[in-house]
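S.K.: Just the structure for this:
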Amino acid sequence: MTPERNPWPALWALVIGFFMILIDTTIVSIANPSIQEGLGASIDQVIWVTSAYLLAYAVPLLITGRLGDRFGPKLIYQIGLVVFTLSSLACGFADALPGSGIGNLIAFRAVQGLGAGLMTPQTMAVITRTFPAARRGVAMALWGSVAGVATLVGPLLGGVLVDGPGWEWIFFVNVPIGVVAFIAAQMLVPHLETHQHSFDWLGVALSAMGMFLLVFGLQQGHEYDWNAWVWASIVGGVVVLGIFVLWQRVNTKEPLVPLELFRDRNFTVANVAISTVGFTFTSMFIPLVYFFQGVRGLSPTQTALMTVPTALATLVLARVAGKLADRVHPRVVAVPGLAVGALSIVLWTVLMSPDIAIGWLLLPPLLLGIGSAFIWAPLASTATRNLPMNAAGAGAGIYNTTRQVGGVLGSAAIATVIVNRIVANIGDAGSAPQGESASLVLPEPLKEGFTTAMAQTLIVPAIVLFLGAAVALFLVKPKHLEASEPDDIAAQAAGEVAASA
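M.R.: Numbering: from 1, shown residues only. Got it, this is the predicted structure:
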């Protein structure tokens, strides 16, 4: 950090765009049943609205971080912001344009994902390049707080818009936010030093092809009864991704993924752990929203209110978690956070019932918020803390890619699990709400079986997040803590946490 420049205004400016991306994700999760009904789509098609976005978001992250290193994070961020904002406008008009409404929406969501992929690594790169290692956790706490606010604002705003003017407005709302974010970035974000890089376009092609084949096979397998070509798609995806990793190893120029970064144990462990977080947080809300709206008869706005405890707990505790991430062993913070998050999902599976008092269903999201506060900032700051400055963009790109890859796989996997569990519990007649009845409350005879199906589906993200907690046990003490006295660190952390409280 240069002495004459305060890094906080630039971070706040970048956070506006990051906030918009997170709002967009949470808004869409609330609107899924309404989109399904409004466009006469199947549950597979509606989940592709999310999967296409996440896939187009994840793949470019491997190179957009490098683009930020080469041309400057400010420029790449602003280009991504323009792409994201204009594609949001197109998403809102998807049903009014020629062709299939759901097809248009899926295509524009993919473009939107590309814009998000250009923006996201730049925020983490600016934090890495402008904040000293010992204060990076506090900056990441702001990042985590933004996630908490978006978790609160996104569903609530989405519910109000879907219940009011219609689902199209969940995309239109991004336009004014995008304009404000662009102006703020132009005024407050500095032009940072650039670094020369070559670009591994073969690596981009291999990673994109491998991810698409894998996700397509996982998400569409149940629809085609897991026939030979579905398995060929899955196996082909794994093989192509293996070729991608091999190419990164033998590439004599500058590989897309610098494998030497994974020599840092914390970088490797944090990347694996955040992929489980991406899987869980993307997949878990899909069955929950269908349960709340299809079984309990809640409106989109009422469904959104069920997420308020998560957002509030995350907001209250994010700063404490950020300070702890700077002062204590990351394992002490991240492992309990991941475990508590997983336990909250287990509690949901126990409590979900067509008749249980709605107040009981507010306990799991409260527990999830407590765990979530101690996940985002500690993992992000630990992943990037020891990276050299000229690899900040690449490291941020890899970290965000693994998070998004986890989300893509979660979205694809949960589609298969939902349909499988519905068929197992209530037969083909309830193989997910379809077409015009998508957002209507289920008939009474189907509610019990549908609830059981959604509860069983949630077991998958719970198991994945427990695996994340197990992985986080392998985190080691960062370099900036090795040079400090443990007693001094503990005393300072205790004092700052008490002051925050």
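
S.K.: number of nearby residues for Gly407?
M.R.: Neighbourhood size, Gly407 [other CB atoms under 10 Å]: 26. To be clear about C-beta, it is placed using only N, CA and C from the backbone, and glycine gets the same treatment.

S.K.: any idea how far Phe279 is from it?
M.R.: 7 Å (CB to CB, to the nearest Å).

S.K.: What's the first helix or strand after the host helix or strand of Val149?
M.R.: Element membership for Val149 (DSSP states H and E) is helix 136-163. Next along the chain after helix 136-163, taking DSSP H and E as the criterion, comes helix 169-172.

S.K.: which phi and psi does Ala357 have?
M.R.: phi -60, psi 140 (degrees, to the nearest 10).

S.K.: Now do it against Gly203, distance only.
M.R.: For Ala357 relative to Gly203 (CB to CB), the value is 53 Å.

S.K.: Looking at the two now, which is surrounded by more residues?
M.R.: Taking neighbours as other CB under 10 Å, Ala357 and Gly203 compare with Gly203 leading, 20 against 9.

S.K.: average model confidence for the helix or strand the more buried one falls within?
M.R.: Secondary structure assignment for Gly203, by DSSP H and E: helix 201-220. Mean pLDDT, helix 201-220: 86.

S.K.: From the chain's centroid, how far away is that helix?
M.R.: Distance of helix 201-220 from its chain centroid, counting by CA atoms, centre = their mean, to the nearest Å, is 19 Å.

S.K.: Which other helices and strands does it contact?
M.R.: When contacts are defined as 3 or more CB pairs under 8 Å, 6 or more residues apart in numbering; DSSP states H and E, helix 201-220 packs onto helix 43-58, helix 61-71, helix 228-250, helix 392-426.

S.K.: what's the helix or strand for Leu347?
M.R.: Element membership for Leu347 (DSSP H and E) is helix 330-351.

S.K.: Then Ile183?
M.R.: Per DSSP H and E: helix 174-188 holds Ile183.

S.K.: which parts of that helix are buried?
M.R.: Burial within helix 174-188, assessed by neighbour count using 16 or more other CB atoms under 10 Å, is assigned to Asn174, Ile177, Gly178, Ala181, Phe182, Ala184, Ala185, Leu188.

S.K.: Which strands and helices lie in contact with it?
M.R.: Short answer (3+ CB pairs under 8 Å, 6+ apart): helix 174-188 packs on helix 8-38, helix 73-92.

S.K.: hang on, the earlier thing: list of residues touching the next helix or strand along the chain from the helix holding Leu347?
M.R.: Heading C-terminal from helix 330-351, the first helix or strand you meet, by DSSP H and E, is helix 363-373. For helix 363-373, the external contacting residues (CB atoms under 8 Å, 6 or more residues apart in numbering) are 144, 147-148, 151, 306-314, 316-318, 320-321, 336-345, 347-348, 351.

S.K.: how about 7 Å then?
M.R.: 144, 306-307, 309-314, 317-318, 321, 337-338, 340-341, 343-344, 347-348, 351 (CB atoms under 7 Å, 6 or more residues apart in numbering).

S.K.: cool, stretch 402-414 as well?
M.R.: 47, 50-51, 54-55, 57-58, 61, 211, 215, 218-219, 271, 274-280, 282-283, 286, 457, 460-461.

S.K.: mean confidence for it?
M.R.: 86.

S.K.: what comes up buried for that stretch?
M.R.: 402-414.

S.K.: Turn the helices and strands packed on helix 174-188 into TSV, columns for mean neighbour count.
M.R.: Shown next, in TSV, are these (neighbours: other CB atoms under 10 Å):
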stretch	mean neighbour count
helix 8-38	22
helix 73-92	22
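
S.K.: To Pro98, which of the ones you listed lies closest?
M.R.: helix 73-92 (12.7 Å; CB to CB).

S.K.: and that closest one, what does it pack onto?
M.R.: helix 8-38, helix 61-71, helix 101-130, helix 169-172, helix 174-188 (3 or more CB pairs under 7 Å, 6 or more residues apart in numbering; DSSP states H and E).

S.K.: swap the cut-off to 10 Å and go again
M.R.: Helix 73-92 sits against helix 8-38, helix 43-58, helix 61-71, helix 101-130, helix 169-172, helix 174-188, helix 392-426, with contacts defined as 3 or more CB pairs under 10 Å, 6 or more residues apart in numbering; DSSP states H and E.

S.K.: In the fourth one, which of the residues would be classed as buried?
M.R.: Same thing as helix 101-130. Counting neighbours by 16+ other CB under 10 Å, helix 101-130 gives 101-102, 104-130 as buried.

S.K.: just to revisit the earlier point, with respect to Val83, which of the helices and strands packed on helix 73-92 lies nearest?
M.R.: Closest among the helices and strands packed on helix 73-92, using CB to CB: helix 101-130, at 3.4 Å.

S.K.: CA atoms only: put stretch 226-245 into CSV for me.
M.R.: Backbone C-alpha positions of stretch 226-245 (Å, rounded to 0.1, in the frame of the first residue of the first chain) are rendered in CSV as follows:
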residue,chain,number,x,y,z
TRP,A,226,-28.3,-41.9,-17.8
ASN,A,227,-27.8,-43.5,-21.2
ALA,A,228,-24.5,-44.1,-23.0
TRP,A,229,-24.1,-40.6,-24.4
VAL,A,230,-24.7,-39.0,-21.0
TRP,A,231,-21.9,-41.0,-19.5
ALA,A,232,-19.8,-40.3,-22.5
SER,A,233,-20.3,-36.5,-21.8
ILE,A,234,-19.4,-36.9,-18.2
VAL,A,235,-16.3,-39.1,-18.9
GLY,A,236,-15.3,-36.8,-21.8
GLY,A,237,-15.5,-33.8,-19.5
VAL,A,238,-13.3,-35.4,-16.9
VAL,A,239,-10.8,-36.5,-19.6
VAL,A,240,-10.7,-33.0,-21.2
LEU,A,241,-10.1,-31.4,-17.8
GLY,A,242,-7.3,-33.9,-17.2
ILE,A,243,-5.7,-32.8,-20.5
PHE,A,244,-6.1,-29.2,-19.4
VAL,A,245,-4.2,-29.8,-16.2
